[in-house]
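A.B. asks: Provide a 3D model corresponding to the input given below.
(one chain, ligands or ions: 1)
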Amino acid sequence: MCWYSFGNRPVRHEQQPEEGVAILQQDLINQFAVRFQDVECALRRIRTCVRKTPVLDVVGYPDISVRGLWLKCENLQHGFAFKARGACNAVMSLSDAEAQRGVVTHSSGNHAAALARAAIQRGIPAYIVMPTNSARVKLEAVRRLGIEPLLCEPTSAAREQMASEVQRTTGAILIHPFNHPDVIAGQGTAALEILEQVPDLDTLIVPVGGGGLLSGTLIAVKTLRPDVQVIGAEPEWADDAFRSLQSGKIEPALRTDSVADGLRTPLGSLTFPIIRSLVDRILCASEEQILRATGELARHCRLITEPSGVVPLAVLQQHPEVFADRRVVVLISGGNLDDPGLITGSLSSGLQAD
Ligand SMILES: Cc1ncc(COP(=O)(O)O)c(C=O)c1O
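C.D. replies: Modelled structure (predicted):
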């Protein structure tokens, strides 16, 4: 048994990894664009502008048989998604001279509003490029902050081209939604909180889109607790991370219509090497299972989540054999639900029955 120092509180670590193995793993982690120290610094930097979100312990969730189940509720984060963490860290890391130039991003999802909010907090301009097919709730979140999104065609090429054009004409600094070291480090801070809030977990399931959240999580967890299994969760209709690990190169998404709109993106040049080296497994959930999990979570835990945010729970339900006897933390990554119909049926039948 050993104790790791974590913030002001020591974290107990029952299964100490063999020393040689731990050192090799740490050498490996130190090669990446993001180091453990970056995640620790990010937590200190963003403490005043993001919430330490609650963890719910869940007992008797229907059809789930595990030794322990906890939900890390990033759907209750500012802006209702973990994205506040990476965006705040990136914006707060800019020097004054850089910050004056403003920031720009392209995003169809939660990073758009998260970056807008972080820029407003720092008092600098933000230019937000969003595809025309972005979820209404995500476009409105940016508008509510007083920023009109710059709309572009719904292709990666069109998004990147418009963001480059904005960079060229305004001098703004690009804060990529996932392929950016400060964004990855910021996203890893949720995992530091989890290790403190549930020290006796043995498995953590995290959704994967471009891989910023999963990469930051891996840097944090595999440094402090290499015995904890980290599993990436993605939809079967956006299984590019699963295929990328099989082929050894970044695979494109083959479809663009998964209900989990935040997870449709392929991995990036910074996130792929981290995930390939450190993740234990990527598992997929069907579209049907994701939709069902969204409704069930509203019914059984009274939590509003968006489909992207509930994919880790859907994976747990679809692969029960992998998690039997495990003490599992599921990261619920967002709550910006565009279609309330996904929860109203399940919720109203639940209210009558419960
Ligand atoms: C709710 C939600 N979960 C997960 C993700 C995936 O995050 P990443 O691109 O860092 O893998 C996103 C991305 O937009 C998201 O909005």
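A.B. asks: CA only for contacts and neighbour counts going forward, please
C.D. replies: Fine.
A.B. asks: For the stretch 51-200 of the chain, which residues are neighbours of the ligand?
C.D. replies: A81, G109, N110, F178 (Cα under 6 Å from any ligand atom).
A.B. asks: In terms of distance to T305, which of those ranks first?
C.D. replies: A81 (9.5 Å; Cα to Cα).
A.B. asks: Quick one: residues contacting the residue nearest to G171 when sequence neighbours are not counted.
C.D. replies: Ranked by Cα to Cα, 6 or more residues apart in numbering and with sequence neighbours excluded, the top spatial neighbour of G171 is R101, at 5.8 Å. Contacts for R101 (Cα atoms under 8 Å, 6 or more residues apart in numbering) come out as I124, P125, T170, G171, A172, I173.
A.B. asks: Among the residues of the stretch 51-200 of the chain next to the ligand, show me the least confident.
C.D. replies: Lowest in pLDDT among those is G109, which has 86.
A.B. asks: so that residue touches A260, yeah?
C.D. replies: No. Counting by Cα atoms under 8 Å, G109 sits too far from A260 to count as a contact (10.6 Å).
A.B. asks: Neighbour count for those two, which is higher?
C.D. replies: G109 (25 against 22; other Cα atoms under 10 Å).
A.B. asks: Contact partners for that one?
C.D. replies: G109 neighbours (Cα under 8 Å, 6+ apart): S134, A135, K138, D261, G262.
A.B. asks: try P149
C.D. replies: Applying Cα under 8 Å, 6+ apart, the residues contacting P149 are Y127, I128, V129, M130, L139, V142, R143.
A.B. asks: do V315 as well
C.D. replies: A233, E234, L283, C284, A285.
A.B. asks: what's the closest of the residues you listed to V322?
C.D. replies: Using Cα to Cα, the contacts of V315 come closest to V322 at L283, 9.9 Å.
A.B. asks: hey, which helix or strand in this protein has the poorest pLDDT?
C.D. replies: strand 2-6 (a mean of 28; mean pLDDT, DSSP states H and E).
A.B. asks: so of the contacts of V315, which ones are in strands?
C.D. replies: A233, E234, L283, C284, A285 (DSSP state E).
A.B. asks: quick one: the fourth one and the ligand, what's the gap?
C.D. replies: This means C284. 14 Å (Cα to the nearest ligand atom, to the nearest Å).
A.B. asks: Where do the domain boundaries of this protein fall?
C.D. replies: Domain assignment for the chain by automatic domain parsing gives 2-81+182-353, 83-179.
A.B. asks: For the last one, measure first residue to last.
C.D. replies: When the termini of domain 83-179 are compared using Cα to Cα, to the nearest Å, they are 13 Å apart.
A.B. asks: chain center to it: distance?
C.D. replies: Centroid separation between domain 83-179 and its chain, computed with Cα atoms, centre = their mean, to the nearest Å, is 17 Å.
A.B. asks: Could you do the longest one as well?
C.D. replies: Here the centre of domain 2-81+182-353 is set off from its chain's centre by 7 Å, with Cα atoms, centre = their mean.
A.B. asks: quick revisit: I'd like the contacts of R101 laid out as a markdown table, including neighbour count, pLDDT and secondary structure.
C.D. replies: Below are the contacts of R101 laid out as a markdown table (neighbours: other Cα atoms under 10 Å; pLDDT from 0 to 100; DSSP: H, G, I helix; E, B strand; the rest coil):
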| residue | neighbour count | pLDDT | secondary structure |
| --- | --- | --- | --- |
| I124 | 16 | 98 | coil |
| P125 | 18 | 98 | coil |
| T170 | 15 | 97 | helix |
| G171 | 16 | 98 | coil |
| A172 | 22 | 98 | coil |
| I173 | 23 | 98 | strand |
